[in-house]
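In: Please find the sequence and the predicted model below.
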Amino acid sequence: MLEIKNLHVQLEEEDKQILKGVDLTVEAGKVHAIMGPNGSGKSTLSYVLSGRDGYEVTEGSATLDGEDLLEMEPEERAAAGVFLAFQYPVEIPGVGNMTFLRTAVNAQRKARGEEELSAADFLKEVRAKAKTLKIDADMLKRPVNVGFSGGEKKRNEILQMAMLEPKMCIMDETDSGLDVDAMKLVAEGVNALRDEGRGFLVITHYQRLLDHIKPDVVHIMANGRIVKTGGPDLALEVENNGYADILAEVN
Amino acid sequence: MALPEAKQTATEARLSALTMPDAGCTRAAREDALARVLETGLPNRRDEYWKYTQPDTLVSPEAMPAAVFSDDEPLVFSEFDRLNIVFVDGVFSAEESDDLSMEGVSIDRLEDICCKDIHWAKDLYGVLEARGQVPVQRPLAALNTAFASDGVAIHVTGKPSKPINLIYRHASPTSDAILHHVVRVESGAEATILETGPAASRFNKCMEIDIADKGTLHHVRAQGRDHERRAATHMFTRLGTESVYKSFTLTVNGVLTRNEQVVELTGDDAVAHVAGACVGDGEFHHDDTVFITHDAVNCESRQVFKKVLRNGATGVFQGKILVKEGAQKTDGYQISQSLLLDDDSQFLAKPELEIYADDVACSHGSTSGAIDETALFYLRSRGVPTKDATNMLTLAFLAEAVDEIEDSALAEAIVSRLEGWLARRN
């Protein structure tokens, strides 16, 4: 589904290479986790895949079901099925959460040539999905993420994911800033979305999220490359021994 | 003291093009006003209060021509049940206006007042305007008092069932209109006045509003879409104890607009909110000049002004809160912000506080910025196309000002106008 080949990325503003040849394939129905020390390029990878400004791809490719992602605008990538759950969800004063969600859902449907969701159908669906994430009516009415707690923001990300039903979910340190209960709630939300047609790329520092969202494949990223790939046990190894051993081994 | 020669000449030239109407009971006020104009002269670009807005075309003997704009869009608020008072190029149109009688309010034309020796409006006409000349001179308002050719006197004695809509139609590309309205809201009475339309090629408007104790006036205005029109408007409002004044102005287009709001809180526990949203594209200069005087205890004032500017448009905000000695427990708030959609537009702001009481809470803030790129990316990453996302963020920026309109249906009508403006620019 998601195929990244030899991806090289540098910052636009300065001549600094962040990704130095990332190769990664995420199959439909699979959960891939990326772990790695600070500064290894994990977040950059998620931004480059979702189309954020400020990065320049100097080499390599990234495709979703054969479509070149790197040529697309962020909104086109979204319509094609890419979803990034932000590490720091953005507060948007003055834009109601519900309005935002409905605009996003219908914009994607329109871009795909599908019929837009009626107000009634949308409301029904959003209420049902919000309920499972313990998002109350008040949170839906408030401006996007404004005054939300860390946990509420992350749950709101998962609600967006549930409503938009993307093919490829990229989650950037979704566990950061969450207490154990909130993490469970988020993980349940994610697990509910796991299905055969959907791929996940879960970026995290810690193994604990992977206790709740069981990965099929774990990658270790360091210095702009995937340096090791393994099964779920690899995450445990990191948790027990840190990155030092692995990095020493591959260098 | 003699006026500088250039100012003297410009003032004389303007006055020579005007004739004072046969004034009846407003004569004394008009003559006083003319004396004020002669004393101060009309503003020119050297005046500090006109530093950011060139008054030349507002004081020239003839109005600059302005094309009459029309399209199929229904007039703003046309879906509301209201009492319409229509002026075409600054002249009352009996034909297009509704019957002026309504329970809870009496409405007279200025012309009818002028024929009478005694009328309640006599005690108001020119009075608040004259008070508003201190500490800052407002010669264009005095000129208006002296020469206004039409207008209405609205006496609110109860709670009229529907809003009064002053509709200003622009029909002639060379029209030059001077309208003067006086409004008195009696104790416990409450009304909504709507003002819509561009009025004329050049429009000088004065509205004096006297709100008695526990009276309430809502004012919502939309200044019309004509691109080339010029306007200098003045609202003078005096508030009694526990009275409320809430004013909102929407400005889309217009080559030059100067909206002055002079508010005097003279009774304890009064509330005055003055807000404005403007969107300007290209040759557009919009100036909000506000002066709020707290002269009583425990009053609240709010100024919320938002401007969206692009393609070289200019926005100006001069807002002052004056808290007089003894005006304790004053709660004053002022925010003026601009959203600059490109590098060519500019926003000039002069927020001022002058406080002579020691137990007050006053705040002011002014910002100027571009669309928040992070928010824009967030919206786009969810599939919202760039234009739509920009429009969402633009409307969100304006929302704080629009939210000042208490009636949500009127607020929605304003929002739909803003959406229209944004959509036409996609």
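Out: Thanks, I have it. Numbers count the residues shown, from 1 in each chain, chains lettered A, B, ... in the order given.
In: Count the neighbours of the residue of the stretch 1-150 of chain A found nearest chain B for me.
Out: Here the stretch 1-150 of chain A gets closest to chain B at one residue, A:Gly94, 2.8 Å apart by Cβ to the nearest Cβ. For glycine as for every other residue, the C-beta is placed from the backbone atoms N, C-alpha and C. Other residues within reach of A:Gly94, judged by other Cβ atoms under 10 Å in any protein chain shown, total 19.
In: now swap in A:Gly81 and tell me
Out: Neighbours of A:Gly81 using other Cβ under 10 Å come to 24.
In: That one against A:Leu69, yeah?
Out: No - counting by Cβ atoms under 8 Å, A:Gly81 stays clear of A:Leu69, with 9.9 Å between them.
In: Helices of chain A, start to end?
Out: Using DSSP state H, the helices of chain A run over A:42-50, A:74-80, A:97-111, A:119-132, A:137-141, A:150-164, A:180-193, A:208-212, A:233-241, A:244-250.
In: Any idea which of those helices gets closest to B:Phe248?
Out: Nearest of these to B:Phe248, taken as Cβ to Cβ: helix A:97-111 at 21.7 Å.
In: State the mean pLDDT of that closest one.
Out: Across helix A:97-111, pLDDT averages out at 94.
In: Who are the packing partners of that helix?
Out: Applying 3 or more Cβ pairs under 8 Å, 6 or more residues apart in numbering or on different chains; DSSP states H and E, one finds that helix A:97-111 makes contact with helix A:74-80, helix A:119-132, helix A:137-141, strand A:143-144, helix A:150-164, helix B:386-402.
In: C-terminal to the longest one, what's the next element?
Out: The first helix or strand that comes after helix B:386-402 along the chain, using DSSP states H and E, is helix B:408-424.
In: Pull the residues that contact that following helix.
Out: Applying Cβ atoms under 8 Å, 6 or more residues apart in numbering or on different chains, the contact partners of helix B:408-424 are B:73, B:76-77, B:79-80, B:192, B:194, B:220, B:222, B:248, B:250, B:252, B:277, B:279, B:391, B:394-395, B:398, B:402-403, B:405.
In: which of these count as buried?
Out: By neighbour count, with 16 or more other Cβ atoms under 10 Å in any protein chain shown, those hold B:76-77, B:192, B:194, B:220, B:222, B:248, B:250, B:252, B:277, B:279, B:391, B:394-395, B:398, B:402, B:405 as buried.
In: Those residues: which ones sit near chain A?
Out: B:Leu395 (Cβ under 8 Å from any Cβ of the partner chain).
In: any idea what sits nearest A:Leu84, other than its immediate chain neighbours?
Out: A:Ser50 (4.0 Å; Cβ to Cβ, 6 or more residues apart in numbering or on different chains).
In: before we move on, the earlier item: would you mind giving the helices and strands packed on helix A:97-111 as CSV with mean pLDDT added?
Out: Shown next, in CSV, are these (pLDDT from 0 to 100):
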stretch, mean pLDDT
helix A:74-80, 96
helix A:119-132, 91
helix A:137-141, 88
strand A:143-144, 94
helix A:150-164, 93
helix B:386-402, 95
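In: Can I get those in CSV including distance to B:Gly126?
Out: What follows is those, written out as CSV (distance: least, Cβ to Cβ, whole Å):
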stretch, distance to B:Gly126
helix A:74-80, 57
helix A:119-132, 53
helix A:137-141, 48
strand A:143-144, 46
helix A:150-164, 57
helix B:386-402, 31
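In: Report the mean per-residue pLDDT for stretch B:154-166.
Out: Rounded mean pLDDT across stretch B:154-166 is 98.
In: tell me which parts of chain B are close to chain A?
Out: By Cβ under 8 Å from any Cβ, the residues of chain B that approach chain A are B:372-375, B:377-386, B:388-389, B:392-393, B:395-397, B:399-400.
In: before we move on, the earlier item: make a markdown table out of the helices of chain A and add mean neighbour count.
Out: As requested, the helices of chain A are exported to a markdown table (neighbours: other Cβ atoms under 10 Å in any protein chain shown):
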| stretch | mean neighbour count |
| --- | --- |
| helix A:42-50 | 22 |
| helix A:74-80 | 23 |
| helix A:97-111 | 20 |
| helix A:119-132 | 14 |
| helix A:137-141 | 14 |
| helix A:150-164 | 21 |
| helix A:180-193 | 17 |
| helix A:208-212 | 19 |
| helix A:233-241 | 15 |
| helix A:244-250 | 13 |
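In: okay, those helices in a markdown table with distance to B:Ala23 next?
Out: Formatted as a markdown table, these follow (distance: least, Cβ to Cβ, whole Å):
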| stretch | distance to B:Ala23 |
| --- | --- |
| helix A:42-50 | 70 |
| helix A:74-80 | 63 |
| helix A:97-111 | 53 |
| helix A:119-132 | 57 |
| helix A:137-141 | 55 |
| helix A:150-164 | 64 |
| helix A:180-193 | 73 |
| helix A:208-212 | 81 |
| helix A:233-241 | 89 |
| helix A:244-250 | 92 |
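In: Between those helices, which one is closest to A:Glu59.
Out: Here helix A:42-50 is closest among the helices of chain A (Cβ to Cβ), at 12.3 Å.
In: where does the closest one sit relative to the chain's centre, distance-wise?
Out: Chain-centre distance of helix A:42-50: 9 Å, with Cα atoms, centre = their mean, to the nearest Å.
In: Flag every residue of the stretch 1-150 of chain A that's near chain B.
Out: Residues of the stretch 1-150 of chain A found near chain B (Cβ under 8 Å from any Cβ) are A:50-53, A:73-75, A:77-79, A:83-84, A:86, A:89-95, A:99-100, A:103-105, A:107-108, A:111, A:143.
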